[in-house]
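Enquirer: Need the 3D shape of this:
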Amino acid sequence: MVRYSRYVSNRLSYPDPMESEMEFINFLLKLGKQLVEKSVVITTKDVEVLALSRYKAELEQFYFLPLPSFDVVRKLVDKKRFYRLLNEMSVRTPRTYSPVDISELRLIGREMAFPYIIKPAYSRAFRRQFNAKSFVISSREELEQAIKKLSSKNLEVVIQEIVPGKEIYMFYTYLNKKTEPIAICGYDKLRQFPPDFGNGSLCRSAWRPVPIESAIQVLKAIGYCGMAEPEFKMDPRDGQYKLLEINARTTMQSALPATCGVNIEYAAYLDTIGQHAGDSISPQDGILWVDEFNDLQSCLIQVKKGKLGIREIASSFKGKKVYARAVWDDPIPFFISLLDFGSGGLRGLFRRINRYISFHFK
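Expert: Okay, here's the model as predicted:
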């Protein structure tokens, strides 16, 4: 939807770095030679962060790149490396195992208490193969089904316990080249889509120093610079926040920090070009961020399952709000999203009708 924003002055289609990283890099190098002055590049996907950090030295003659070296990025993006690092630093995380092959995956999976998740070491390749972020395993039958799907794929995975409870906390930050956080905004993930393991669809700004300090400690330890989004879950069994992951890129909720008084991308931009004034701004608590269409779907699913009531939904929207798509001074992206959401709903309806016809009239 962003391409239709009134604030976008130029659009470029680039090769998918997942398909060919070198084509992506060569495209940027060729484009860089045509630029009148250096441009700031802000990444939105893990695969882009990996490619740009790998060829950072070559690209920096044409671009400002607010991101760390490839080795540092890989410590966060590669989940096997990431959880090994956290274990070495004694940072609290869900119990996680890294099987070396399918046989060990089956052995560990049969010993663990259900339910748990099997998630990829690298998320992008897994999502493209299975159109899912992870496999939720609730029985031996589901374990064998997951193994069958993975056996023909060359994908590394980890097995991780599911932390009980619903309290999920995230924060978005930018660290400069000295690994100093110059902008931070935190938020509780109140709802997500899909409802069990998904992206935040309703978030509320909140400052929680314990998880923030824990993740900043990790980022400082590895010499991280650039934008990052750590995610925690409160474990009701011991009352401790468990670090789930740290995304090495921008976040969908970027409008929330900006509304709270901490524009992360703008801070990164100013710092990257050497104009950051160093002003310290305290983010405002209690502001809601709403992903209109995904939160609607999340609510409908939970209402149908009896997990959410109408009063609870109405109460959750009380307070100042900022929307993912609906902005008065830039409305076209919202309507583009509405058309896309409507067409997706129609496709789902047609699929259900076809299944009904096939079942009753074949």
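
Enquirer: The closest residue to Tyr323 other than its chain neighbours: neighbouring residues, count only.
Expert: The shortest distance from Tyr323 to any non-neighbouring residue, by Cβ to Cβ, 6 or more residues apart in numbering, is to Val290 (5.3 Å). C-beta: built from backbone N, CA, C; applies to glycine. Residues within reach of Val290, counting by other Cβ atoms under 10 Å, total 24.

Enquirer: May I see the buried residues of the helix or strand containing Tyr83?
Expert: Of the helices and strands defined by DSSP states H and E, Tyr83 is found in helix 79-88. By neighbour count on 16 or more other Cβ atoms under 10 Å, the buried set for helix 79-88 is 79-80, 82-83, 85-86.

Enquirer: Go through the residues you listed and say which is closest to Ser254.
Expert: Nearest to Ser254 among the buried residues of helix 79-88 is Phe82, at 22.7 Å by Cβ to Cβ.

Enquirer: mind listing what the residue nearest to Tyr4 when sequence neighbours are not counted touches?
Expert: Residue nearest to Tyr4 in three dimensions, not counting chain neighbours: Ile332, with 4.7 Å by Cβ to Cβ, 6+ apart. By Cβ atoms under 8 Å, 6 or more residues apart in numbering, the residues touching Ile332 are 4-6.

Enquirer: Please report the distance of Ile332 from Ser343.
Expert: Distance, Ile332 to Ser343, by Cβ to Cβ, to the nearest Å: 17 Å.

Enquirer: cool, and Glu180?
Expert: 45 Å.

Enquirer: Work out for me the element the closest residue to Arg127 other than its chain neighbours sits within.
Expert: Nearest non-adjacent residue to Arg127, counting by Cβ to Cβ, 6+ apart: Lys133, 6.5 Å away. Here Lys133 sits in a region with no helix or strand, counting by DSSP H and E.

Enquirer: Report pLDDT for Lys133.
Expert: Lys133 is assigned a pLDDT of 83 by the prediction.

Enquirer: Repeat that for Ser358.
Expert: pLDDT, Ser358: 51.

Enquirer: just Pro195 next, same as before
Expert: Taking Pro195 on its own, its pLDDT is 87.
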